[in-house]
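Chemist: Show me the folded form of this:
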Amino acid sequence: IQERLGEIRSMKVAYIGDGNNMANSWIHGALRFGFDLTLACPAGYHPDSAIMALADKSHGSTIKVVADPLEAARDAQVINTDVWASMGQEEEAAARRQVFAPFQVNDALLAVADPAAMVLHCLPAHRGEEISAAVFSRFQELIFTQAENRLHVQKALLVRLLGGEDESR
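Modeler: Take a look at the predicted model:
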């Protein structure tokens, strides 16, 4: 986000979809970097309650969960989404498609966002489900750059967790 739009502090960010690990990570990001975050999640699929309790105590960011994806996306400069059924939830996929259908990131949703809004997806994506094929295609360069950046962060974490770089090796 900072590579493309500059300082993230005070931006409006929307997360549309399941209140899963990615939603929880965006909440932590809003707390750390000071951006406003609105999450649109269906009833029963909200982010972790302990993490939301941290968000309720925030004094720098506005973090809220709403039921209407258009409300979350209104004037947002960044819109994020994730798959509706993550690994281990394959048996729930059909039911989740029905529940989450109104939460697709598509042109109608982008029509209420900031005209220069960017769309991100943590991948893998199911085009035509959580994100329309047209929106994915329009923002694929950003989405794949996001994935590339995540790869470098994960490599750095592995180095750190495995004891750092040892000069004697």
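
Chemist: Name the residues of stretch 106-115 that are buried.
Modeler: Asn106, Leu109, Leu110, Val112, Ala113, Asp114 (16 or more other C-beta atoms under 10 Å). Placement of C-beta: from N, CA and C, glycine included.

Chemist: how far out from the middle of the chain is that stretch?
Modeler: Stretch 106-115 has its C-alpha centroid displaced from the chain centroid by 16 Å (C-alpha atoms, centre = their mean, to the nearest Å).

Chemist: swap in stretch 104-123?
Modeler: Counting by C-alpha atoms, centre = their mean, stretch 104-123 comes out at 11 Å from the chain centroid.

Chemist: Narrow the buried residues of stretch 106-115 to those in helices?
Modeler: Using DSSP state H, the subset of those located in helices is Leu109, Leu110.

Chemist: Any chance of the buried residues of stretch 106-115 in CSV with pLDDT and distance to Ile131 as columns?
Modeler: Supplementary listing: the buried residues of stretch 106-115 in CSV, determined by pLDDT from 0 to 100; distance: C-beta to C-beta, whole Å:
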residue, pLDDT, distance to Ile131
Asn106, 98, 7
Leu109, 98, 10
Leu110, 98, 11
Val112, 98, 16
Ala113, 98, 14
Asp114, 98, 18
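
Chemist: just so I have it, where are all the strands in this protein?
Modeler: 12-16, 36-40, 63-66, 78-81, 118-121 (DSSP state E).

Chemist: for those, which one sits closest to Ala93?
Modeler: strand 78-81 (16.0 Å; C-beta to C-beta).

Chemist: Return the list of strands paired to that closest one, each annotated with direction.
Modeler: strand 12-16 (parallel), strand 118-121 (parallel) (DSSP bridges).

Chemist: Can you tell me the closest non-neighbouring residue to Gly17?
Modeler: In this structure, Gly17 finds its nearest non-sequential neighbour in Thr81, 4.9 Å apart by C-beta to C-beta, 6 or more residues apart in numbering.
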